[in-house]
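1. Provide a 3D model corresponding to the input given below.
(one chain, ligands or ions: 1)
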Amino acid sequence: MLDKKIVDLINLQINKEFYSSFFYMDMANYYTDQSLNGFANWFNIQTQEEYAHAMLFVQYLQLNGEKVVLEAIAKPMVEFKDHKHPLVAAYDHELMVTRSINDIYAVAFDQKDFKTMQFLDWFVKEQAEEEQNVDEMIKRYDLFGTDARGLYMLDQELGQRTYAPPTLTL
Ligand code: MG
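-> Got it, this is the predicted structure:
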């Protein structure tokens, strides 16, 4: 059994992860419209990852005999002003998700809920990686993406990304 506060926060987190999945799908669709299929591929994989994160939180509640409460998923961003815009928005979004996971961690810590802390450890590490990955994308875009040939090569490279399921199993 988990504390009600933890259950509520995890239910909110489930919504945030599903929203993240939507948010990245919106970006993937933007890049598809721009014929940047590699960027689209990269963001479509983000979409799958975020869905998998949501499902891990769902499973965690269920394994602890708690009820999953699904809420409406907010409409994603829609308007992007240039090719760099989704990258910056993705970075800001990941910072928000990191804060959100840290907030759950802080409550678990206060309550000496070591089980939840251990579960969240994977997400803490994952968020550090997500931030690094997007930060690197922005830096590489700034270096190469503003030139047509560089953008083409970056797009080719991002097209190579393949989906790997989360390493965390419950
Ligand atoms: Mg996530």
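2. output stretch 132-142 as PDB - backbone C-alpha positions only.
-> What follows is stretch 132-142, C-alpha atoms only, in PDB (Å, rounded to 0.1, in the frame of the first residue of the first chain):
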ATOM      1  CA  GLN A 132      21.600  15.700 -22.100                       C
ATOM      2  CA  ASN A 133      20.300  14.200 -25.300                       C
ATOM      3  CA  VAL A 134      18.100  17.200 -26.100                       C
ATOM      4  CA  ASP A 135      20.800  19.700 -25.100                       C
ATOM      5  CA  GLU A 136      23.200  18.000 -27.400                       C
ATOM      6  CA  MET A 137      20.600  18.100 -30.200                       C
ATOM      7  CA  ILE A 138      20.300  21.900 -29.800                       C
ATOM      8  CA  LYS A 139      24.100  22.300 -29.800                       C
ATOM      9  CA  ARG A 140      24.400  20.200 -32.900                       C
ATOM     10  CA  TYR A 141      21.600  22.000 -34.600                       C
ATOM     11  CA  ASP A 142      23.300  25.300 -33.900                       C
END
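3. tell me who's in contact with the residue most central in space within the chain.
-> Central residue of the chain (Cα atoms, centre = their mean): Glu50, 4.8 Å from the mean position. Residues near Glu50 by Cβ atoms under 8 Å, 6 or more residues apart in numbering: Glu17, Phe18, Ser20, Ser21, Phe23, Tyr24. No exception for glycine: its C-beta is placed from N, CA and C like everyone else's.
4. same check on Asp103?
-> Going by Cβ under 8 Å, 6+ apart, the list of residues near Asp103 reads Leu9.
5. ok, and for the host helix or strand of Phe23, which residues are buried?
-> Taking DSSP states H and E as the criterion, Phe23 maps to helix 4-33. Neighbour-count burial for helix 4-33 flags 6-7, 9-31 (criterion: 16 or more other Cβ atoms under 10 Å).
6. is any residue of whichever helix or strand comes after it near the ion?
-> Toward the C-terminus, helix 4-33 is succeeded by helix 37-63 as the next helix or strand (DSSP H and E). Yes. For helix 37-63 and the ion, the contact criterion (Cβ under 5 Å from the ion) is met by Glu50, His53.
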